[in-house]
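no sequence on hand, only this structure:
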Ligand code: SF4
């Protein structure tokens, strides 16, 4: 607080405003691939009943969207019956290769399954046969993983999109999808608030206490 002005709050509000301007919004008939390659329950909460505190996501969203904008990334849609699935790729090289960039603190040995699902969906939606997932660190190191088309993986994305679409229409909350991502998820308390359920999650993940 300086001279009666709360600069922290002023900066936070501006970041949230900038983040909202960069965020694409879809109605219930439109689902972005990013919403179905992560936990569907999380995506549902984000649309229907998000936490009011949006500051934690603002900087991350600005950073992520800026990369896509600077590289002239594109969003394309795929329509199936009354559902439209959107995919955004960061970079298209010579119209025959897509590249998705992902910031990480440590370079991985293998691509994350969710990133593979996402990149594979981009291949189908952009009708491009070759793609790469590029993980990069703040000090400029990067590693790339090639992705080739898998019809089965794309069918899985379409199936998950249909389910989320239906649940959003019917206002029904998706079931919990326990994974290691739950530990850093902002909705952890909502899903596993009860001690008993938390223990159940640890058991499912195979890291609970031996009884
Ligand atoms: S805590 Fe886990 S199950 Fe619940 S919304 Fe988050 S990622 Fe999904």
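All right, it came through fine. Given the structure is predicted, the values throughout are model-derived calculations rather than measurements.

C-alpha from now on. contacts and neighbour counts both.
Will do.

return the residues in contact with residue 33.
Contact partners of residue 33, counting by CA atoms under 8 Å, 6 or more residues apart in numbering, are 85, 86, 87, 118, 121, 157, 161.

and of the residues you listed, the nearest to the ligand?
residue 161 (15.5 Å; CA to the nearest ligand atom).

that closest one: neighbour count?
When neighbours are defined as other CA atoms under 10 Å, residue 161 has 24 of them.

so who does it touch?
If you count contacts by CA under 8 Å, 6+ apart, then residue 161 has 31, 33, 36, 85 around it.

let's verify the closest residue to residue 96 other than its chain neighbours: helix, strand, or coil?
When the adjacent residues along the chain are set aside, residue 96 lies closest to residue 128, with 5.6 Å between them (CA to CA, 6 or more residues apart in numbering). Using DSSP: H, G, I helix; E, B strand; the rest coil as the criterion, the local structure at residue 128 reads coil.

and residue 128, how many neighbours?
Applying other CA under 10 Å, we find 17 residues neighbouring residue 128.

pLDDT at it, what is it?
We have a pLDDT of 96 for residue 128.

list phi and psi for it.
When quoted as degrees, to the nearest 10, the phi and psi of residue 128 stand at phi -130, psi 140.

same check on residue 41?
For residue 41, the backbone dihedrals (degrees, to the nearest 10) come out as phi -70, psi -40.

now do the contacts for the nearest residue to it once chain neighbours are set aside.
With sequence-adjacent residues excluded and distances taken as CA to CA, 6+ apart, residue 41 is closest to residue 174, at 4.9 Å. Shown in contact with residue 174 (CA under 8 Å, 6+ apart): 40, 41, 44, 164, 167.

if you set the cut-off to 7 Å instead, what comes out?
40, 41, 167 (CA atoms under 7 Å, 6 or more residues apart in numbering).

now do the same for it: helix, strand or coil?
coil.

give the phi and psi angles for it, as a check.
Main-chain dihedrals, residue 174, degrees, to the nearest 10: phi -60, psi 160.

for residue 22, same thing?
Main-chain torsions, residue 22, degrees, to the nearest 10: phi -90, psi -10.

where's it relative to residue 61, distance?
Counting by CA to CA, to the nearest Å, the gap from residue 22 to residue 61 is 8 Å.

outline the domain layout of the protein.
As recorded under automatic domain parsing, the domains making up the chain are 7-175, 177-211.

ok, back up a step: restricted to buried residues, select the contacts of residue 174 in ChimeraX.
Buried members of those, defined by 16 or more other CA atoms under 10 Å, are picked up in ChimeraX with:
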select :40,41,167
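
just give me the closest of the contacts of residue 174 to the ligand.
Using CA to the nearest ligand atom, residue 41 is the member of the contacts of residue 174 that lies nearest the ligand, at 4.8 Å.
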